[in-house]
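Student: What would the 3D arrangement of this be:
(one chain, ligands or ions: 1)
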Amino acid sequence: MSTVDRRDYTGEGLSEADLAPTPLQQARLWVEDADRRGAERDDVPEPRALSVATVDASGVPNVRTVLMRFLDERGPGFVSSLDSTKGLELRANPHVAASLTWPSMFRSIRFRGVFEQIERDEVADYWSSRPWGSRISAWASRQSRAVDGRAQLEAAYDRYAAQYPDHEDPADVPMPDFWAGFRIRCTEVEFWGGRRNRLHDRLVFTAVGAGGGASAGDVASHPSLDDAGVWAVARRQP
Ligand SMILES: Cc1cc2nc3c(=O)[nH]c(=O)nc-3n(C[C@H](O)[C@H](O)[C@H](O)COP(=O)(O)O)c2cc1C
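Tutor: The predicted structure is shown next:
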């Protein structure tokens, strides 16, 4: 890059006094702000785009972006294929980190924790809300595997479209067994607010109380994101 972009971050930041009592409440406030801004202006095109980092069998990091489809006291969640690269990596090593980033708002949230599969009936509700074509594409794609060309993908789409024709009924297309909801059971949630002169705010909730774990990697603990007693707040240097 030949030009250095020295844009100053003029966000409001985030103070301890303004921080919501739980990570869930704070995350919901920021996600709702991003949704609202996305609806009003064109500088937040996918407010729920979530970057999800995993590690492969050799401990080498991997990352991709999905859409956050769930957010409740059990953690943020998304849908994907269990047999995809991310699915295989998370089933072998459940440690996961993810971030929502809204550059135009000078805000980001980082989640760290472990993968848990979302209950199938919750995912089924979401599945039936998807447009017919998206449900057909889920069947047509063996996500992350090599394919000889686009024509092969389109032929698979046509095959499943013929098998499960569109009668405008959610039951037209069954949910594939490999299609699943992925939840991040968080042990750490960081809120980052960009401020002037790079003197940003970083407030971090770490699970420490009942049900909380000592580290972001504690697989056994499943702290509620909406239980203020479980979380300690600390400020980190920017
Ligand atoms: C904005 C955006 C949203 C996406 N949403 C999803 C999603 O919700 N689920 C999904 O499986 N892939 C989604 N993808 C595709 C993933 O980034 C990725 O290519 C795919 O999941 C395969 O990743 P993997 O091979 O690492 O498993 C999205 C990509 C972008 C850029």
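Student: of all the residues in this protein, which ones are close to the ligand?
Tutor: Contacts of the chain with the ligand, taken as C-beta under 6 Å from any ligand atom, map to 46, 49, 64-67, 78-80, 84-86, 143-144. In short, each C-beta sits where N, CA and C put it, glycine included.
Student: switch the cut-off to 5 Å
Tutor: Glu46, Ala49, Arg64, Thr65, Val66, Leu67, Ser80, Ser84, Thr85, Lys86, Ser144 (C-beta under 5 Å from any ligand atom).
Student: quick one, longest helix in the chain?
Tutor: Across the chain, the longest stretch assigned as helix under DSSP state H is helix 23-40.
Student: tell me which residues in that one are buried?
Tutor: Using 16 or more other C-beta atoms under 10 Å as the test for burial, helix 23-40 gives Pro23, Leu24, Gln26, Ala27, Arg28, Trp30, Val31, Ala34, Arg37, Gly38.
Student: can you pull the contacts of the second one?
Tutor: Right, Leu24. Going by C-beta atoms under 8 Å, 6 or more residues apart in numbering, Leu24 touches Leu71, Asp72, Glu73, Ser224, Leu225, Asp226.
Student: hang on, Phe178 packs against Val79?
Tutor: No - with contact defined as C-beta atoms under 8 Å, Phe178 does not reach Val79; the gap is 11.4 Å.
Student: So those two - more neighbours on which side?
Tutor: For Phe178 versus Val79, the count of surrounding residues by other C-beta atoms under 10 Å is larger for Val79: 20 against 16.
Student: Now do the contacts for the more buried one.
Tutor: By C-beta under 8 Å, 6+ apart, the contact set of Val79 is Val66, Arg69, Val123, Tyr126, Trp127, Trp179, Ala180, Gly181, Phe182.
Student: Now the fifth one: closest residue in space that isn't a chain neighbour?
Tutor: Closest residue to Trp127 in three dimensions, ignoring its sequence neighbours and counting by C-beta to C-beta, 6 or more residues apart in numbering: Met175, at 4.4 Å.
Student: And the strands in the chain, which stretches?
Tutor: Counting by DSSP state E, the chain has strands at residues 49-55, 61-67, 70-72, 75-81, 95-102, 107-117, 179-193, 201-207, 231-235.
Student: what is the mean pLDDT for the first one?
Tutor: Read it as strand 49-55. For strand 49-55, the mean pLDDT works out to 98.
Student: Check the offset of that strand from the chain's centre.
Tutor: Remark: strand 49-55 is offset 7 Å from the chain centroid, using C-alpha atoms, centre = their mean, to the nearest Å.
Student: Alright, that wraps it up for me.
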